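J.: Take this sequence and fold it.
(2 chains)
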Number of protein chains: 2
Amino acid sequence: MLRRIPPLLSKAIHLNPRVVAAQYAVRGLIPMRADEIKRALATPEGKAKYPFSSLVYCNIGNPQALEQRPLTFFRQVMSLVDAPFLLESEQVTSQYPADAVARAREYLGHIGKGTGAYTDSAGYAFARDIVARHINERDHGAKPLADASSIVLTDGASTGVRLMLQVLVGDAGDAVMIPIPQYPLYTVQIALLGGTPAMYYLREDECWALNAEELASVCDECVAKQNATPRVLVVINPGNPTGGVLERGVMESVAKFCCDRGIVLMADEVYQENIYAKGKQFVSFREVVLGLPAPYNTDTVLVSLHSTSKGIVGECGRRGGYFCCTNFPAALREQVTKMCSINLCSNVNGQVMTALMCSPPQHGDTSYGTYWAEYNGILSSLKKRALLLAKELGSIRGFSCQPVEGAMYAFPTIQLPERYLQRNTELNLKEGRTLAPDARWALELLEKTGVVVVPGSGFGQRASTLHFRTTILPPEEQMERVVKAMRSFQENVWAKYA
Amino acid sequence: MLRRIPPLLSKAIHLNPRVVAAQYAVRGLIPMRADEIKRALATPEGKAKYPFSSLVYCNIGNPQALEQRPLTFFRQVMSLVDAPFLLESEQVTSQYPADAVARAREYLGHIGKGTGAYTDSAGYAFARDIVARHINERDHGAKPLADASSIVLTDGASTGVRLMLQVLVGDAGDAVMIPIPQYPLYTVQIALLGGTPAMYYLREDECWALNAEELASVCDECVAKQNATPRVLVVINPGNPTGGVLERGVMESVAKFCCDRGIVLMADEVYQENIYAKGKQFVSFREVVLGLPAPYNTDTVLVSLHSTSKGIVGECGRRGGYFCCTNFPAALREQVTKMCSINLCSNVNGQVMTALMCSPPQHGDTSYGTYWAEYNGILSSLKKRALLLAKELGSIRGFSCQPVEGAMYAFPTIQLPERYLQRNTELNLKEGRTLAPDARWALELLEKTGVVVVPGSGFGQRASTLHFRTTILPPEEQMERVVKAMRSFQENVWAKYA
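T.: Below is the predicted model:
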């Protein structure tokens, strides 16, 4: 039956249709165009072509690419752990603060000689111990206490999301409830697994609040109309891209809902240190769940994710992170353990960074002062930029922006003139594309101003609304350029198409 | 339709059946039992219970866990890249060789200030350049030359395997041709994707040679009987677990077969530096493919994987690696790029380690002598152990062991007395287990001697044959204990059950 396939046909490699269908806007069309422009700007012709000489990347939460400095103590310890022979030279160690040297020795005492070896599949036991202690402190001793066996160290939070969704979602009959707007990692992983997304909408006019009352009807409708059973409910708190911070009461309702329906609660808490709004504070879902009355405190199955990429650490490239398992039944735990062992282990530098994030210098340590000065400097600058950006964006014609209570993004609504929307339809026809109006807007903003943002359609939004996501990360002087660029671009759009 | 699910039922979390069905022997039953014993040995009661005081982990290719030293130059550069402020202190830099300092400055010049930032999705461009240059040199300038765009940096080779299989395998209609025995990463990833494995058997009595003549019939049979079309053919060279090194002529036939059938050739070449047998050398599939006459040189779609975990580097925990794309059609390349962007990027320390592996100190550099002394020391010790182990194992009753031509493992056949096999069947019935006879054997070897190996059933083997895989990595004095333990254990088995 088989015959030699002619060479030309053999080029038509079969591709997994789930992969082909998957979409990931954060690094899609706009950033690809941005990279082209960046390359062009390096040439004299390119320089002449664009009315700006550099790009401002507001599309990715990548703090150190936007001049945020790493926390010195963490890097000091990491360099010593990477090169333990440095500890043998007094001339070297004398250049380090005593607590960095002591910390490196402590970690190396646990790691032993094989600092380049695979670790336990779930990560170094000592690092998981440190994470668990940190969680117990953060959650005010909520019982039962977390311990090393509750923790899995991962390559960033994304790997944890992928692993957990893979364990829980098998096919189109399995749904994942996701907030809209959401971080597109969720929709893309659901698409890759062939699962079904079930969307619940956040309330933009209430600082993107989650309405727990609506969850039941979204769930019922998913079963009735999409023929899929929700297995997981994702909450991103503080919100990405929304910047909203959840209230405890809402969280309790969400947890109860999940428990009642036998749905695993997936709490994406990677922005837990990024809180800016007065009177708001981060409460973990773990603390909330364990504080509920029986049976909710024991029967709500919760996975909580964190990362070294965000917060004040901002070490995205280390790909450090963890997830914490609360009330996992044994059968689920067993599959998670197996998946970890298939992945061998997360990278050791990410593991060390995660341990450091969870155990900063303590009062009395040499680096205590420097560490907190750096930490508070970054946090207060982020806070300032969060307030400033929301305020400034809100004053632009056709923009409306909720306060950035937390996380690293603003997600303003944009209104565009009817004629701009019509023009997009016409251009799409002409170009053979299907750009959403906000994608067209973001593309033209980029071409005209050099500012890179992500269109709201990449995150999901209510029908007939348009948004974009911008990080709050550009340094204060660049932020001014960003706001000015958006203002004049948007005013031009209105002047031209209104 | 929906009702409140009683709390107890809600514990029955739905699990992805593909995940539940997936098996991964390398970190399965035996190593879990080993971990229990290791914990027990830390207590006085445990110590009394076992006739050994420590375990020898021969189950994982994890060199630095078995006392292999890291290459000093690599760690020196990495520590400086991790903590660039070290470069500002003469007192520190004077402790480093000049070329380590220069190299760190060079890398940091490319990376810029944001050393903790996400990189390009495919990895730092400068690191991909270095990898491409290394490949071109290794492959004797085979044209077209590889460049940065041919390379994707990954978290170890496993991540590359997973990504490429995910892009190419959608469901049970898509098959992957794999060698038997194979590294179980392949079967487990195929299982997770719901794909179909199509097995081709290596010839044990010819140093585990690959018989290219058989590929066509395996492929045809897969289409006819399994109703699946092979999309990918995996070759592991040097072989894991077999230790075999392929001949160029065989590789040419394999490549032609793949090209003729429109099958993507996946070359797992992570052991390319681990060659021990006299007269054998590593030839990359890339060099072979590009050296073929038209249309094979342009139409064979090849992905070649490498890692920093094996070779002489042995930095498993860094999770560094890359894959190189040869003759990728644009549509395939596009999906690979998208999958990389979903994964954000691989970890920066792994990327730096990969760049270092591909550009060791050159003649005239300060570290040149030390580096090659360390390198050759490790390589010649591995060679010695490879020869010794194969020879010693071959002399044990009921064992027969092919030469370890390359990689890091021996995979001897074990013959067991008929009564031992019967006893296993009886014990399985009694225990409610389904242990394969070689798994029982490996479990009892562990309990009696403290030596951890992986049963052949975890890798696949011809019906009615039994094997186990052991690494060649224990230091020479431990190796003696391993061989002695196996010999006396196996002689006891024969004495008792023959």
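J.: packing partners for the helix or strand containing residue A:36?
T.: When elements are defined using DSSP states H and E, residue A:36 is found to belong to helix A:29-41. In this structure, helix A:29-41 packs against helix A:44-49, helix A:437-449, strand A:451-452, with contacts taken as 3 or more C-beta pairs under 8 Å, 6 or more residues apart in numbering or on different chains; DSSP states H and E. For glycine as for every other residue, the C-beta is placed from the backbone atoms N, C-alpha and C.
J.: Where does pLDDT dip in chain A?
T.: Within chain A, the stretches falling below the threshold (pLDDT under 70) are A:1-11, A:26-27.
J.: Show me the domain layout of it.
T.: With domains defined by the TED database, chain A comprises A:17-66+A:379-497, A:72-112, A:125-358.
J.: Name the stretch among those that sits most buried.
T.: domain A:125-358 (a mean of 22; mean count of other C-beta atoms under 10 Å in any protein chain shown).
J.: ok so residue A:178 is a helix residue?
T.: No - counting by DSSP: H, G, I helix; E, B strand; the rest coil, residue A:178 is not found in a helix; it is strand.
J.: what bridges to it?
T.: Taking DSSP bridges as the rule, residue A:178 bridges to residue A:199.
J.: That one and residue A:196 touch, don't they?
T.: No - contact criterion C-beta atoms under 8 Å: residue A:178 and residue A:196 do not qualify, at 10.5 Å.
J.: what residues are shared contacts of these two?
T.: Taking C-beta atoms under 8 Å, 6 or more residues apart in numbering or on different chains as the contact rule, the neighbours common to residue A:178 and residue A:196 are residue A:190.
J.: Quick one: the helices in the stretch 301-450 of chain A, in order.
T.: Using DSSP state H, counting those that start in this stretch, the helices assigned to the stretch 301-450 of chain A run over residues A:330-342, A:348-357, A:368-394, A:418-431, A:437-449.
J.: Point out the other helices and strands that the second one packs with.
T.: It stands for helix A:348-357. Using 3+ C-beta pairs under 8 Å, 6+ apart as the contact criterion, the neighbours of helix A:348-357 among helices and strands are helix A:72-82, helix A:98-111, helix A:125-138, strand A:151-154, strand A:321-326, helix B:348-357.
J.: Repeat the analysis, applying 7 Å as the threshold.
T.: The elements that helix A:348-357 packs onto, with contact taken as 3 or more C-beta pairs under 7 Å, 6 or more residues apart in numbering or on different chains; DSSP states H and E, are helix A:72-82, helix A:125-138, strand A:321-326.
J.: on that earlier part again, figure out which of the helices of the stretch 301-450 of chain A is closest to residue B:119.
T.: Counting by C-beta to C-beta, residue B:119 lies closest to helix A:348-357 out of the helices of the stretch 301-450 of chain A; the figure is 13.8 Å.
J.: what does the closest one rub up against?
T.: In this structure, residues lying in contact with helix A:348-357 by C-beta atoms under 7 Å, 6 or more residues apart in numbering or on different chains are A:74, A:77-78, A:81, A:107, A:119, A:123-124, A:127, A:130-131, A:153, A:155, A:308, A:313, A:315, A:318-322, B:317-318, B:347, B:349.
J.: Next, residue A:86: phi, psi?
T.: The phi/psi pair for residue A:86 (degrees, to the nearest 10) reads phi -60, psi -30.
J.: Now do the contacts for it.
T.: Applying C-beta under 7 Å, 6+ apart, we find residue A:86 in contact with A:80, A:92, B:79.
J.: Just the element for the nearest residue in space to residue A:311 that is not next to it in sequence, please.
T.: When the adjacent residues along the chain are set aside, residue A:311 lies closest to residue A:273, with 3.7 Å between them (C-beta to C-beta, 6 or more residues apart in numbering or on different chains). With the criterion set as DSSP H and E, no secondary-structure element contains residue A:273; it sits in neither a helix nor a strand.
J.: now swap in residue A:91 and tell me
T.: When elements are defined using DSSP H and E, residue A:91 is found to belong to helix A:90-93.
J.: Please list the outside residues in contact with that helix.
T.: When contacts are taken as C-beta under 7 Å, 6+ apart, the neighbours of helix A:90-93 outside the stretch itself are A:86, A:87, A:101, B:91, B:92, B:95.
J.: what do you get for stretch A:162-175?
T.: By C-beta under 7 Å, 6+ apart, the residues outside stretch A:162-175 that reach it are A:176, A:189-190, A:193-196, A:198, A:222, A:226-232, A:264, A:266, A:303, A:323, A:335-336, A:339, B:14-19.
J.: now stretch A:202-216
T.: Here stretch A:202-216 makes contact (C-beta under 7 Å, 6+ apart) with A:179-181, A:200, A:235, A:239, A:242-244, A:246, A:250, A:253-254, A:257, A:402-403, A:405, A:413.
J.: Show only the entries of those found in strands.
T.: Members of those lying in strands (criterion: DSSP state E): A:179, A:180, A:200, A:235, A:413.
J.: my guess is the fourth one meets residue A:253, correct?
T.: No - at 11.3 Å, residue A:235 and residue A:253 do not qualify as touching, with contact defined as C-beta atoms under 7 Å.
J.: How about stretch A:94-113 and chain B, touching?
T.: Yes - for stretch A:94-113, a contact with chain B is found by C-beta under 7 Å from any C-beta of the partner chain, at A:95, A:113.
J.: So what's the gap between that stretch and the chain middle?
T.: Averaging C-alpha positions (C-alpha atoms, centre = their mean, to the nearest Å) puts stretch A:94-113 31 Å from its chain's average.
J.: got the contact list for it?
T.: Contacts with stretch A:94-113, where a contact means C-beta under 7 Å, 6+ apart, come from A:73, A:76-77, A:80-81, A:84, A:87, A:93, A:124, A:126, A:352, A:361, A:365-367, B:67, B:89, B:91-92.
J.: which residues touch the residue lying closest to residue A:473 once chain neighbours are set aside?
T.: Sequence neighbours aside, residue A:66 is the residue nearest to residue A:473 in space, at 4.4 Å (criterion: C-beta to C-beta, 6+ apart). The neighbourhood of residue A:66, defined by C-beta under 7 Å, 6+ apart, consists of A:57, A:473, A:474, A:475.
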